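> From the sequence below, what's the structure:
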Amino acid sequence: MNTGEFRIALDEKGRLLIPSRLRSEISGNELVITRGIDRCLWLFPPDEWRRISDNLMGAASPFAKRARLLQRRIIAPAQEIDIDKSGRVNIPRTLQESAGLSRECYLLAIKRYFEIWDVVEYEAYLAETEGEFQAAAEELGGHVAF
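A predicted model of the protein is given here:
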């Protein structure tokens, strides 16, 4: 899959248009959507979702409190959604609410998955994490060759 940051609109029916450049990278017409770690949503191709959810379930016992927390917050809300003929996906209302989505959104393409953010939430996240981003870049800089 590709990368990119796209500003897109959530229509009155809860649909978002996946840009054609990204749609061409998706095999099939189905994605899996769930809550992200931050106040965003994650969209995965079905094969990638199976790999991630299988790893999470295999590495975590339902007897462990933190494992149950991750399973309930990430795996339980996951739903399969179709990409319609116009290239739109319908975001379930409960997930729209959990991410605080309003009309204006960002779609981030991050190689193997997408994130959907409300514009205000994402811009606040960028501002709040600027110092942390600088520190992470400095730390990682010694390990990444250009």
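> Can you spell out which helices and strands pack onto the helix or strand where residue 5 lies?
For residue 5, the element it lies in under DSSP states H and E is strand 3-9. Counting by 3 or more Cβ pairs under 8 Å, 6 or more residues apart in numbering; DSSP states H and E, the packing neighbours recorded for strand 3-9 are strand 15-17, helix 20-23, strand 104-110. All C-beta spots, glycine's among them, are computed from the backbone N, C-alpha and C.
> Please name every helix or strand in contact with whichever helix or strand comes after the last one.
What that stands for is strand 104-110. Downstream of strand 104-110, the next assigned helix or strand under DSSP H and E is strand 113-118. Judged by 3+ Cβ pairs under 8 Å, 6+ apart, strand 113-118 is in contact with strand 41-44, strand 104-110.
> what ranges do the helices span in this protein?
Using DSSP state H, the helices of the chain run over residues 20-23, 46-59, 65-70, 93-98, 119-128, 130-141.
> what would the ones you listed look like in CSV with mean pLDDT, mean neighbour count and distance to residue 14?
Below are those laid out as CSV (pLDDT from 0 to 100; neighbours: other Cβ atoms under 10 Å; distance: least, Cβ to Cβ, whole Å):
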stretch, mean pLDDT, mean neighbour count, distance to residue 14
helix 20-23, 90, 12, 19
helix 46-59, 90, 14, 20
helix 65-70, 86, 12, 26
helix 93-98, 96, 15, 6
helix 119-128, 96, 14, 16
helix 130-141, 85, 10, 31
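> okay, those in JSON lines with distance to residue 2 next?
Putting the helices of the chain into JSON lines (distance: least, Cβ to Cβ, whole Å) gives the following:
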{"stretch": "helix 20-23", "distance to residue 2": "6"}
{"stretch": "helix 46-59", "distance to residue 2": "14"}
{"stretch": "helix 65-70", "distance to residue 2": "28"}
{"stretch": "helix 93-98", "distance to residue 2": "23"}
{"stretch": "helix 119-128", "distance to residue 2": "19"}
{"stretch": "helix 130-141", "distance to residue 2": "22"}
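> Of the ones you listed, which is nearest residue 10?
Residue 10 lies closest to helix 93-98 among the helices of the chain, at 7.3 Å (Cβ to Cβ).
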